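[1] this one's structure only:
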């Protein structure tokens, strides 16, 4: 099986945001879940000249799953709770070597 990183993208969620549906989605994955991951906040960009500024992206978290191919990944994420938040939220999928 191949491993894939799921990056959760969208506007920052408030600290008291509901995580409804996430535990059930993780449970549904079973052995396909490699790393539940973690929420991410307060990103910082460091430039080549050493200067630092605010986050250039809207990454909210990540998970790592395993699947046979991208078709399987798409099947696994079709009912992901992040996608139910609206069109300003999405998931980026990357294959891990």
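    Sure thing, it's come through. This is a predicted model, so every value here is computed, not measured.
[2] gap between stretch 22-38 and the chain center?
    11 Å (C-alpha atoms, centre = their mean, to the nearest Å).
[3] first vs last residue of that stretch, how far apart are they?
    Using C-alpha to C-alpha, to the nearest Å, one end of stretch 22-38 lies 12 Å from the other.
[4] and it, what's its mean pLDDT?
    Stretch 22-38 carries an average pLDDT of 96.
[5] which secondary structure element contains the nearest residue to residue 31 once chain neighbours are set aside?
    With sequence-adjacent residues excluded and distances taken as C-beta to C-beta, 6 or more residues apart in numbering, residue 31 is closest to residue 66, at 7.8 Å. C-betas here are computed from N, CA, C, even on glycine. Element membership of residue 66, judged by DSSP states H and E, is strand 59-67.
[6] and that strand, what does it pack onto?
    strand 2-9, strand 33-39, helix 70-77 (3 or more C-beta pairs under 8 Å, 6 or more residues apart in numbering; DSSP states H and E).
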